[in-house]
Structure formats: structure tokens, C-alpha cells
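Novice: Just the structure for this:
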Amino acid sequence: MFNRLSLVLLMLISGSLVHAVELDPTKPFNQISVEQANINQHFVLYSIIRNGSSASAIINEQTLGVGDFIGDYQVSDIQQNQVILSNSEETLALSLFSNDLIK
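Specialist: Predicted coordinates for the structure are as follows:
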């Protein structure tokens, strides 16, 4: 009986110690690194609006024109079915339609 009780207590204590080692007590709650923010940055193109020669796009519920910024990206071009975003490192093409649907 004493052995079983000792074993259960040992398992409970060791589980708590392992969990305590994994947590960083100095890390702020809900804080993510800049690298994680860039990786998780997600853009959704909702609509493209044309008015004569000017065009705007609704991305993540923001209305943007060519030259405007969203996050670290600048709107480079607004085409008929896609918007081109670019920064110093990469260029993204946001499409109104899924590539799986276009044949």
C-alpha cells in the first residue's frame, strides 16, 4: 500500500516539475516574436473595385489603392482578378479566385 502511494505521489510531483521547466516565467503573456508575426501574417483579398482608370482592393477589410501599405507590404498593382503586394524581400499575388477553380 505504501509503495503504491509513494509511486502516485512521485508521479504527481515529477509531472509538475517537468511542466514548470517548460514555462519561461519571464516571458510576457500573449507575446509573440516578430518572426512569428511575419510567418502568421495572412492576407485575404475580398474584392477589387474599378472606377474608370482607378482601382482599389479590399484586403483584410481595408480599402487600399496602388501605393498603399498593409503591414510590411505595399500594393504594387491591382489587376482584374488579383492584387500584387511586395516588400524588399518578396512579392505576393492575392487572387480573387482559388487556383484550384481556375482551369
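Novice: ok, residue 74 touching residue 90?
Specialist: No. Using Cβ atoms under 8 Å as the test, residue 74 is too far from residue 90 to be in contact (11.8 Å). For the C-beta atoms, the positions are set from N, CA and C on the backbone; glycine is no exception.
Novice: These two: which is more packed in?
Specialist: When residue 74 and residue 90 are compared on other Cβ atoms under 10 Å, the one with more neighbours turns out to be residue 74, at 16 against 9.
Novice: Check which helices and strands the helix or strand hosting that one is in contact with.
Specialist: Assigned by DSSP states H and E, residue 74 belongs to strand 73-78. With contacts taken as 3 or more Cβ pairs under 8 Å, 6 or more residues apart in numbering; DSSP states H and E, strand 73-78 sits against strand 54-59, strand 62-65, strand 82-86.
Novice: Give the partner strands of the longest one in its sheet and their orientations.
Specialist: In the sheet, strand 54-59 lines up against strand 45-51 (antiparallel), strand 62-65 (antiparallel) (DSSP bridges).
Novice: Of these, which is nearest residue 95?
Specialist: Ranking the strands paired with strand 54-59 by their distance to residue 95 (criterion: Cβ to Cβ) puts strand 45-51 first, at 6.8 Å.
Novice: Show me the contact partners of the closest one.
Specialist: 55-59, 61, 63, 78-83, 94-96 (Cβ atoms under 8 Å, 6 or more residues apart in numbering).
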